[in-house]
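In: Quick check, what structure comes out for this input:
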Amino acid sequence: MELLERIGQEAKEAEPFLRILSEEKKNEVLTKAAEDLVKHRAQILAANEKDMARGREKGMKAGLLDRLLLTPERIEGMAEGLRQIAALPDPIGRVMGEHRPPNGLHIRQVRVPLGVIGIIYEARPNVTADAFGLCFKTGNAVVLRGGSDALYSNQAIVEVLRETLHACECPAAISLLSDTSRETAAAFMKLNQYIDVLIPRGSASLIAAVVNNSTIPVIETGSGNCHIYVDEEADLAMAAEIVFNAKTQRIGVCNACESLIVHEKVKDAFLPMLAERLAEKQVELRGDERAREAVPMKEAQEADWGTEYLDYILSIKVVDSISEAVSHINRYNTGHSEAIITENKAHAEQFLREVDAAAVYVNASTRFTDGFEFGFGAEIGISTQKLHARGPMGLEALTSYKYEIRGTGQVRG
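Out: Model prediction:
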């Protein structure tokens, strides 16, 4: 645990420097970091292939292998994320509000960094670059604990980023715990003398373990049991394209559609059309009794309604009204992303108003719940809780605020 202590101290020592770093310097570092990731992509890809080989040997599911995989295009995507972050306005120092009470004091509320951010995540090496970019732009140091499945990839990425920081005469604003044991993770969750906030990203079990065991304040990111509801007044061709995209474009992501809800009046026209389209990707369908009347498929069990498959599996429920659809979603969803396909504006507004989730869509794929797609450059995670931050967490989610009070000699009587 001596190494863990040293990493915590290093991050805490970097924090005061990062807190006062100019926007120009931050952008210079982020731009160079993007260049360096692309420049050193061969070594990153070689490290990633080691992780992929281990994953295949262990029999890792296709969805998880997809999360783990890096390609030249995905490395360019990581670099583009850093460039976009550099192009965004720096929130640090921004005045959120100001006023003068009767006592004459000038009170301003100003955005400041959180401090040192710890992130525990699984086989997602792209998170490593995203976390660095967002934390660095907001003046935070970051300590990462990735999963053992992505160890070589994460080490290679962090090595490149630390070399960038050194070349730019900046302190080590990013660190990686190379010990991925549960014992070290447990100790990390209690390092509150150095870490100001902890963000878990990954499976429901990982997130629950962090929430239940951490002595550090946690921003909870959740799993994604995402639904699409096809309304009785939906454009069925549009609905088929959206469901196909949301289910199959990438199966191992938290914003993929896992459950479909269809209105009774369109099930016979829509489900055969959709089944034919999903057959292109060999998607397994699991439906209730009325769904199975329209298309032959496996019988859905109670557990299917609440399952994040991360696989080519889709559960299907037929309902009699939009209110029944909303009720089903609010019972089984994880507060992530939900969508309605409809041409009825009143139904769309009802869905937007009544569904309890971080992101609620009308006539669009749930796959857009993403910091990059929202114009945040990247994201630190997708928060499914309601305090501090909700949805894709970009720059502002990694800040707090303080009050600056200027007086002219006031004393309190």
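
In: Correct me if wrong: N330 contacts D356.
Out: Yes: using C-beta atoms under 8 Å, N330 is in contact with D356, at 5.3 Å. Backbone N, C-alpha and C define where each C-beta goes, glycine included.

In: More neighbours: which of the two?
Out: Neighbours per residue (other C-beta atoms under 10 Å) separate N330 from D356, with N330 holding more: 15 against 12.

In: List the buried residues for the helix or strand hosting the more buried one?
Out: With elements taken from DSSP states H and E, the one containing N330 is helix 322-332. Judged by neighbour count (16 or more other C-beta atoms under 10 Å), helix 322-332 contains these buried residues: I322, E324, A325, V326, H328, I329, Y332.

In: Show me what that helix is in contact with.
Out: 225, 227, 229, 231, 259, 261, 263, 305-306, 317, 319, 338, 340, 347, 350-351, 354-357 (C-beta atoms under 8 Å, 6 or more residues apart in numbering).

In: Next step: these restricted to strands.
Out: H227, Y229, S259, I261, H263, K317, V319, E338, I340 (DSSP state E).

In: Out of those residues, who's the most crowded?
Out: E338 (30 neighbours).

In: part of a helix, is A269?
Out: Yes: assessed by DSSP: H, G, I helix; E, B strand; the rest coil, A269 belongs to a helix.

In: how many other residues sit next to it?
Out: Neighbours of A269 (other C-beta under 10 Å): 12.

In: same question, D235
Out: 15.

In: Equivalent analysis for E28, please.
Out: The number of residues near E28, taken as other C-beta under 10 Å, comes to 14.

In: Equivalent analysis for S22, please.
Out: With other C-beta under 10 Å as criterion, S22 counts 10.

In: one step back: CA atoms of the helix holding N330 as PDB?
Out: What follows is helix 322-332, C-alpha atoms only, in PDB (Å, rounded to 0.1, in the frame of the first residue of the first chain):
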ATOM      1  CA  ILE A 322     -48.400   5.300 -23.400                       C
ATOM      2  CA  SER A 323     -49.200   5.500 -19.700                       C
ATOM      3  CA  GLU A 324     -48.600   1.800 -19.400                       C
ATOM      4  CA  ALA A 325     -45.300   2.200 -21.300                       C
ATOM      5  CA  VAL A 326     -44.200   5.000 -19.000                       C
ATOM      6  CA  SER A 327     -45.100   3.000 -15.900                       C
ATOM      7  CA  HIS A 328     -43.100  -0.100 -17.100                       C
ATOM      8  CA  ILE A 329     -40.100   2.100 -18.000                       C
ATOM      9  CA  ASN A 330     -40.100   3.800 -14.600                       C
ATOM     10  CA  ARG A 331     -40.300   0.500 -12.800                       C
ATOM     11  CA  TYR A 332     -37.500  -1.300 -14.600                       C
END
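
In: JSON lines for the buried residues of helix 322-332, including distance to P125 and pLDDT?
Out: Listed next are the buried residues of helix 322-332 as JSON lines, based on distance: C-beta to C-beta, whole Å; pLDDT from 0 to 100:
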{"residue": "I322", "distance to P125": "41", "pLDDT": "98"}
{"residue": "E324", "distance to P125": "41", "pLDDT": "98"}
{"residue": "A325", "distance to P125": "37", "pLDDT": "98"}
{"residue": "V326", "distance to P125": "37", "pLDDT": "98"}
{"residue": "H328", "distance to P125": "36", "pLDDT": "98"}
{"residue": "I329", "distance to P125": "32", "pLDDT": "98"}
{"residue": "Y332", "distance to P125": "31", "pLDDT": "96"}
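
In: so which pair among those is furthest apart in space?
Out: I322 and Y332 (16.2 Å; C-beta to C-beta).

In: Which strand or helix spans the closest residue to T128 other than its chain neighbours?
Out: Excluding its sequence neighbours, the residue lying closest to T128 (C-beta to C-beta, 6 or more residues apart in numbering) is I157, at 4.5 Å. I157 is located in helix 151-167, with elements delineated by DSSP H and E.

In: list the buried ones in that helix?
Out: Quick answer for helix 151-167 (16+ other C-beta under 10 Å): 151-158, 160-162, 164-165.

In: for those residues, which one is nearest A246?
Out: S153 (27.0 Å).

In: The residue nearest to that closest one when sequence neighbours are not counted: what's it in contact with?
Out: Nearest non-adjacent residue to S153, counting by C-beta to C-beta, 6+ apart: P125, 3.8 Å away. Shown in contact with P125 (C-beta under 8 Å, 6+ apart): N48, D51, L68, L70, G146, A150, S153, N154, I157.

In: Relative to N344, how far out is the nearest residue to Q350 once chain neighbours are set aside?
Out: Distance criterion C-beta to C-beta, 6+ apart; nearest residue to Q350, sequence neighbours excluded, is I322 at 6.1 Å. Noted for I322: a distance of 9 Å to N344, by C-beta to C-beta, to the nearest Å.

In: cool, Y401 as well?
Out: Applying C-beta to C-beta to Y401 and N344 gives a distance of 41 Å.

In: Quick one: low-confidence residue ranges for this protein.
Out: Low-confidence segments of the chain (pLDDT under 70): 1, 377.

In: All good on my end, thank you.
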